[in-house]
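**Q** have a look; sequence and predicted model below, questions after that.
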Amino acid sequence: MSSTCTLAPLAAFAATPLGIGILAIVAVALVSSAMYAISKNNEISELRAPKIVVNNDRKNGKETALLVTKDTFKEMARNNQVKDEEGKVEKGKHYIALSLEGKNYRIIVDINQLTNTLGNTLLFEIGSLKEKNDEGKFEAVNETKWNKTLGLDKDGAKGVKTYLGSLIVEQVASQQQTV
């Protein structure tokens, strides 16, 4: 028996209004399920993504820091080791890569610069910020320009989400009182 003969009754049923309705419902259910899975995965990825924040509780005043979960830091330590010009791994140094406004950056942290731990969250002092130049090499950005480079000098800026390279801005609600 050929496969054409086997599928003929199914094709005949699919051509009826009831068959078309069932196929439409199945198609919508599959698309909805796929969209839900993708959005849920994006939510999880965004929650786990490192964030660059302004740390105000340092004795030195404001300081740019990296906020990361322990699991994400383990992945960084395994996959994002900093290497010198000769390709040798620099012990204890790891980086995250991000893009902001069409430019590529690397933020480097040293495992010895862990400033705070709260539950599953680690706060690292940033060791250096490097920007990719036209030749494809990363060059260090002067520490005094970090906040401006990352957009943290703007009013209300609290941090940068590395997941999509977006700025986190705190907006103060204004109230108008009528007398």
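**A** Cool, got the structure. The structure presented is a predicted model; accordingly, all values stated were derived computationally and were not measured. Residues are numbered from 1 along each chain as shown.
**Q** tally of neighbours for the residue lying closest to residue 81 once chain neighbours are set aside?
**A** Spatial nearest neighbour of residue 81, excluding adjacent residues (CB to CB, 6 or more residues apart in numbering): residue 89 at 4.8 Å. Glycine gets a C-beta too; all of them are placed from N, C-alpha and C. Residue 89: 10 surrounding residues under other CB atoms under 10 Å.
**Q** okay, and the beta partners of residue 89?
**A** According to DSSP bridges, the residues that bridge with residue 89 are residue 83.
**Q** repeat for residue 54
**A** Beta bridges link residue 54 to residue 64 when assigned by DSSP bridges.
**Q** any idea which element residue 96 lies in?
**A** In this structure, residue 96 sits in strand 89-100 according to DSSP states H and E.
**Q** list the contacts of that strand.
**A** 50, 66, 68, 73, 76-77, 80-84, 104-112, 127, 150-151, 160, 162, 165 (CB atoms under 8 Å, 6 or more residues apart in numbering).
**Q** make a PyMOL selection of the buried ones in the residues you listed.
**A** Buried members of the contacts of strand 89-100, defined by 16 or more other CB atoms under 10 Å, are picked up in PyMOL with:
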select buried, resi 50+66+68+73+76+80+82+105+106+107+108+109+110+127+150+151+160+162+165
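**Q** and the longest helix along the chain, what's its mean pLDDT?
**A** If you go by DSSP state H, the chain has its longest helix at helix 17-48. The pLDDT scores in helix 17-48 average 79.
**Q** next: stretch 91-104.
**A** 85.
**Q** all further residue positions should be reported with the first residue as 40.
**A** In the new count, where the first residue is 40, that last one comes out as stretch 130-143.
**Q** from the contacts of strand 128-139, which land in strands?
**A** 105, 107, 120-122, 143-151, 166, 199 (DSSP state E).
**Q** identify the farthest-apart pair in those residues.
**A** 143 and 151 (26.1 Å; CB to CB).
**Q** re earlier: okay, buried residues for the strand holding residue 135 please.
**A** For strand 128-139, using 16+ other CB under 10 Å, the buried residues are 132, 133, 134, 135, 137, 139.
**Q** cool, and stretch 163-175?
**A** For stretch 163-175, burial by neighbour count (16+ other CB under 10 Å) applies to 163, 164, 165, 166, 167, 168, 169, 170.
**Q** the second one: what secondary structure?
**A** Going back to what we said before, that points to residue 164. At residue 164 the chain is in strand, as set by DSSP: H, G, I helix; E, B strand; the rest coil.
**Q** got the contact list for it?
**A** Per CB under 8 Å, 6+ apart, neighbours of residue 164: 94, 102, 104, 148, 152, 154.
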